[in-house]
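Novice: Below are the sequence and a predicted model; questions follow.
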Amino acid sequence: MITKDVRDKAQEPMAWFQHDSNSAQDQKCQRLLFRYGNAGYGAFWRICEILANTTTHSLPVETDEDWLILAEQIGMRKAGAFEDMSSVEDCRDFISCLLEIGLLNRDGKGRIESARMQKNALYFGMQRANGAKGGRPKKNKSEPTE
């Protein structure tokens, strides 16, 4: 059972997360590479970095402004004032692909998240909760050792 303390600490940003060296061989990543190439694969890992560094490890995608911010963050924003709607559509299409493939999911609150990032966050939440408990108690020097 996961305690409230662990859940609370899991919501904090992560300084790093585990990344399997063979993740490109995963079926979902293979689909992403087939559809979007290395640029899409890089954009996906950029989303993972953003999710890791965000409280709650989820991103809002409700408004055009949310989509434009995300497009900027993952390198999909096109230059020029008249390109904003095109950037929003490209970003929506990309995220739709990630949702379809199963690399991302919606949280039901207008946000996207990654099950893998949530798992990583719980791991760190448990580490932080255990660390907050402290280590072993110090030995009393007046007691004889065995």
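Specialist: Okay, I see it. Since the model is a prediction, treat every value here as computed from it, not as a measurement.

Novice: which stretches of this protein have low pLDDT?
Specialist: Residues of the chain that meet the criterion pLDDT under 70 lie in 6, 9, 81, 128, 130-146.

Novice: right, and the helix or strand after the lengthiest helix in it?
Specialist: If you go by DSSP state H, the chain has its longest helix at helix 27-52. As assigned by DSSP states H and E, the chain's next helix or strand after helix 27-52 is strand 58-60.

Novice: What are the buried residues along that next one?
Specialist: Using 16 or more other CB atoms under 10 Å as the burial criterion, the residues of strand 58-60 that qualify are 58-59. Quick note: C-beta positions are derived from backbone N, CA and C, even for glycine.

Novice: Which neighbouring elements make contact with the next helix-or-strand element following that strand?
Specialist: Reading on from strand 58-60 to the C-terminus, the next helix or strand found by DSSP H and E is helix 64-73. Contacts defined by 3 or more CB pairs under 8 Å, 6 or more residues apart in numbering; DSSP states H and E place helix 64-73 against helix 27-52, strand 58-60, helix 84-101.

Novice: what's the closest of these to K119?
Specialist: Taking CB to CB as the criterion, helix 27-52 is the member of the helices and strands packed on helix 64-73 that comes nearest to K119, at 11.6 Å.

Novice: Helix or strand: which one has the closest residue to R106 other than its chain neighbours?
Specialist: Excluding the flanking residues, the one nearest R106 by CB to CB, 6 or more residues apart in numbering is I112, at 6.0 Å. Using DSSP H and E, I112 sits within strand 111-113.
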